[in-house]
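>>> Quick check, what structure comes out for this input:
(chains A, B, C and D)
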Number of protein chains: 2
Amino acid sequence: MAAKYERIADDLRQQIRSQQLAPGKQVPAQTVLAERYRVSLPTVQQALSVLQAEGLIDAVHGIGTYVRAPRQRIRRTTDRYQWEKARALLPLDERSQTGSTEYDTGLTMDDLDFHTEYRTCDASADLARAFGVEQGTKLLHRIYRTFIHGEGPAVSLIDSYIVYEVAAANPDLLDAGNEPWPGGTNHQLRTIGIEIDRIVDEITARPPQGDESELLGFGSGVAILVLRKKSIDTDGHVVEISDVIMPGDRTIMIYQTQLDRWPS
Amino acid sequence: MAAKYERIADDLRQQIRSQQLAPGKQVPAQTVLAERYRVSLPTVQQALSVLQAEGLIDAVHGIGTYVRAPRQRIRRTTDRYQWEKARALLPLDERSQTGSTEYDTGLTMDDLDFHTEYRTCDASADLARAFGVEQGTKLLHRIYRTFIHGEGPAVSLIDSYIVYEVAAANPDLLDAGNEPWPGGTNHQLRTIGIEIDRIVDEITARPPQGDESELLGFGSGVAILVLRKKSIDTDGHVVEISDVIMPGDRTIMIYQTQLDRWPS
DNA sequence: GAGTGGTCTAGACCACTGT
DNA sequence: CAGTGGTCTAGACCACTCC
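Numbering: from 1, shown residues only, chains lettered A, B, ... in the order given. Next up is the predicted model:
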């Protein structure tokens, strides 16, 4: 009863799971599959597109179709938040050494290319609610894109927001030319008398849209992890919000929760 | 240079973003689109399949294609862990009232159907590493499926693992007939002298595979959030591991990190 | 029955890659 | 060049839903 392309996809999926089709150039050519399963070419392609959407295979134009190998994941722990905050107190030369991307990836700044852009925008409904300000309030919008080497796929896409009038207390914070700022956002905020007390992470997932797949360097068939990180100062105000987009197959986010002990 | 189906998809995507195509039965029929864009039917279908994979539209056989409305998200905070642990100390009648799914969804137990199954399995490489035991060690594998009402899509899929010899200290823990266990896993572990001290959550995301979309009740075009939750006892041993699968468009996971204060 | 989306075909042509 | 995947067509037939 199932459609032909589904039976073909099921068959290939099972072969992949059972390692009968191991990572590498293993998937036969579309024409071969069409003959083997006695179907037309578009039907084979439909079956393959299913597996591609599931992230099991990767088709390379002119070369062939490969079983995708599991990716090494970048571990993202909350230790980084404490590390970032402590770094803001270090002397300038130590602050300048590394940033948080290097902290994540273990790569040095020489391996990484940074693209930074500052803009202003009006607070959307959800950002306004999160900051506790009127919708339409002017925000400083900082856009960070990190690449490995000279080009290739982005490691992370970060969009950071701060209420403009807050940041404007130090005009240096409005100039993208000062990036990368030694000591990061924690140090920037320190120059205007703000100390981050706690961080709230909100995590969702969704499929990539439009050109995000290209930009992040994964074909279709990879989900996107979306992290909205809210930094709250010692007065309980949300002072900064970062939207971080990460590839779901290369990222693992780790959180630890300490529980109260039972009375003995 | 772009393919026809891409231009059509881009056009429709923009119409959706600009609310020109609002949530509801708004997307014209495939035949209409084929005429409008002067392309063949399969080309229109290819364009629509792109948008469906992105989660922007939902096609209903025999009815039409709709712009998908944003979903109400279930908030999953770490408060639940403390709540679950404290619940294990309550008297039986209070423990029996609600479980953690109700805690998440706000629904009562009357609205929910539970399916529970106990099995045993051999520890895979990653489970063995996490538990700190030999690969192949016998594990108790508990399978939980929660549904709303009498049928329909599953709310969550949970696969829980405990080292078999540990659980066997209380034979009641090996019998699925005792589910739902009043007070949950924390109380179960308490009967064998184990207290959970902290919980480590590891979060990734991936596209749904095979029949997962059907089982969880979302069409294609929804990413899956995968949570591996490790419960660690007061001796530092990992005593239980839960793999939780949640729909990315209906879930938001929230974590709070408290930072050390700067010295004044 | 009319309208919708879902599947499938046979074949064409193009674009990309490596030899 | 040969082999690969990517796009597109014109048309057929089916399955589902509503009237």
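>>> residues in contact with the residue in chain A positioned nearest to DNA strand C?
Proximity of chain A to DNA strand C (C-beta to the nearest atom of the strand) peaks at A:G62, 2.3 Å away. C-beta here means a position set from N, CA and C on the backbone, and glycine is covered the same way. Residues in contact with A:G62 (C-beta atoms under 8 Å, 6 or more residues apart in numbering or on different chains): none are found.
>>> Give me the three-state assignment for it.
coil (DSSP: H, G, I helix; E, B strand; the rest coil).
>>> Locate A:T146 within the secondary structure: which element?
Element membership for A:T146, per DSSP states H and E: strand A:138-148.
>>> hey, C-alpha coordinates of that strand in CSV?
Extracted C-alpha coordinates of strand A:138-148, given in CSV (Å, rounded to 0.1, in the frame of the first residue of the first chain):
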residue,chain,number,x,y,z
LYS,A,138,15.4,51.7,19.9
LEU,A,139,17.7,48.8,20.3
LEU,A,140,21.4,48.3,19.5
HIS,A,141,21.6,45.3,17.3
ARG,A,142,24.9,43.6,17.1
ILE,A,143,25.5,40.9,14.5
TYR,A,144,28.3,38.4,14.9
ARG,A,145,29.3,35.8,12.3
THR,A,146,32.2,33.4,12.9
PHE,A,147,33.9,31.4,10.2
ILE,A,148,36.6,28.9,10.3
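>>> could you say what helices and strands that strand packs with?
Counting contacts by 3 or more C-beta pairs under 8 Å, 6 or more residues apart in numbering or on different chains; DSSP states H and E, strand A:138-148 is packed against strand A:112-122, strand A:154-163, helix A:164-167.
>>> Relative to that strand, what are the paired strands and their orientations?
strand A:112-122 (antiparallel), strand A:154-163 (antiparallel) (DSSP bridges).
>>> buried residues in it?
Neighbour counts over strand A:138-148 (16 or more other C-beta atoms under 10 Å in any protein chain shown) mark A:139-142, A:144-148 as buried.
>>> Check these one by one and keep those near DNA strand C.
With the criterion set as C-beta under 7 Å from any atom of the strand, no member of the buried residues of strand A:138-148 is near DNA strand C.
>>> now, the most widely separated pair of the residues you listed?
A:L139 and A:I148 (29.5 Å; C-beta to C-beta).
>>> What is the neighbour count of A:S49?
19 (other C-beta atoms under 10 Å in any protein chain shown).
>>> ok, now A:A69?
Residues lying near A:A69 (other C-beta under 10 Å) number 10.
>>> now the spatially closest residue to it that is not a sequence neighbour: how far from A:G236?
Nearest residue to A:A69, sequence neighbours excluded (C-beta to C-beta, 6 or more residues apart in numbering or on different chains): A:P23, at 3.9 Å. According to C-beta to C-beta, to the nearest Å, A:P23 and A:G236 sit 50 Å apart.
>>> Looking at the helix or strand A:P42 falls within now, give me its mean pLDDT.
When elements are assigned from DSSP H and E, A:P42 belongs to helix A:41-53. Here helix A:41-53 scores 93 as its mean pLDDT.
>>> Next: stretch A:175-187.
So the average pLDDT for stretch A:175-187 ends up being 91.
>>> residue ranges for the helices of chain A, please.
For chain A, the helices defined by DSSP state H cover A:4-17, A:30-37, A:41-53, A:79-87, A:92-95, A:100-105, A:125-131, A:164-167, A:184-190, A:212-216.
>>> Would you convert those into TSV that also reports distance to chain B?
Converted to TSV, the helices of chain A look like this (distance: least, C-beta to the nearest C-beta, whole Å):
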stretch	distance to chain B
helix A:4-17	7
helix A:30-37	16
helix A:41-53	6
helix A:79-87	5
helix A:92-95	14
helix A:100-105	14
helix A:125-131	11
helix A:164-167	19
helix A:184-190	8
helix A:212-216	9
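>>> Let me have the ones you listed in CSV, extended by distance to DNA strand D.
Formatted as CSV, the helices of chain A follow (distance: least, C-beta to the nearest atom of the strand, whole Å):
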stretch, distance to DNA strand D
helix A:4-17, 12
helix A:30-37, 4
helix A:41-53, 5
helix A:79-87, 37
helix A:92-95, 46
helix A:100-105, 29
helix A:125-131, 34
helix A:164-167, 42
helix A:184-190, 40
helix A:212-216, 12
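>>> that older thread, what pLDDT does the residue of chain A closest to DNA strand C get?
We have a pLDDT of 89 for A:G62.
>>> what's the answer for A:S100, then?
68.
>>> Write out the residues of chain A neighbouring DNA strand D.
A:27, A:29-32, A:41-42, A:45, A:48, A:59-65.
>>> Can you go through those residues and name the buried ones?
Of those, these count as buried by 16+ other C-beta under 10 Å: A:27, A:30, A:45, A:48, A:59, A:65.
>>> what's the most distant pair in those?
Longest span within these, C-beta to C-beta: A:V27 and A:Q45, 12.2 Å.
>>> in stretch A:203-212, what counts as buried?
Along stretch A:203-212, these residues count as buried under the neighbour rule (16+ other C-beta under 10 Å): A:203-209, A:212.
>>> cool, and stretch A:66-77?
Quick answer for stretch A:66-77 (16+ other C-beta under 10 Å): A:66-68, A:74, A:76-77.
>>> likewise stretch A:17-27?
Buried-residue list, stretch A:17-27, by 16+ other C-beta under 10 Å: A:21, A:26-27.
>>> Show me what the mean pLDDT comes to for that stretch.
87.
>>> Look at it and report the distance between its end residues.
Using C-alpha to C-alpha, to the nearest Å, the gap from the first to the last residue of stretch A:17-27 comes to 13 Å.
>>> try stretch A:248-262
Chord length of stretch A:248-262, first to last residue, is 37 Å (C-alpha to C-alpha).
>>> For chain B, tell me whether that stretch is touching it.
Yes: using C-beta under 8 Å from any C-beta of the partner chain, we find that stretch A:248-262 touches chain B at A:248-249, A:251-262.
>>> Which residues are in contact with A:G24?
Each residue near A:G24 by C-beta under 8 Å, 6+ apart is listed here: A:66-67, A:69.
>>> mind redoing it with 10 Å?
Under the criterion of C-beta atoms under 10 Å, 6 or more residues apart in numbering or on different chains, the contact list for A:G24 reads A:64, A:66-67, A:69.
>>> still on that earlier bit, pick the most deeply packed of the strands paired with strand A:138-148.
Of all the strands paired with strand A:138-148, strand A:154-163 has the most neighbours on average by mean count of other C-beta atoms under 10 Å in any protein chain shown, namely a mean of 21.
>>> Low-confidence regions, chain A specifically.
Along chain A, segments meeting pLDDT under 70 span A:1, A:98, A:100-111, A:148-153, A:218-219.
>>> distance of the residue of it most remote from its centre from DNA strand D?
Centroid-distance maximum for chain A: A:S264 at 43.7 Å, with C-alpha atoms, centre = their mean. Counting by C-beta to the nearest atom of the strand, to the nearest Å, the gap from A:S264 to DNA strand D is 59 Å.
>>> List the contacts of that residue.
Counting by C-beta under 10 Å, 6+ apart, A:S264 has contacts B:E195.
>>> Likewise for A:R145?
A:R145 touches A:113-117, A:154-159, A:215, counting by C-beta under 10 Å, 6+ apart.
>>> try it again with 7 Å
A:115, A:154, A:157 (C-beta atoms under 7 Å, 6 or more residues apart in numbering or on different chains).
>>> Can you tell me the closest non-neighbouring residue to it?
Distances taken as C-beta to C-beta, 6+ apart put A:H115 closest to A:R145, at 4.1 Å, once the chain neighbours are dropped.
>>> Confirm for me that A:D113 is in contact with A:F147.
Yes: with contact defined as C-beta atoms under 7 Å, A:D113 reaches A:F147; the gap is 4.3 Å.
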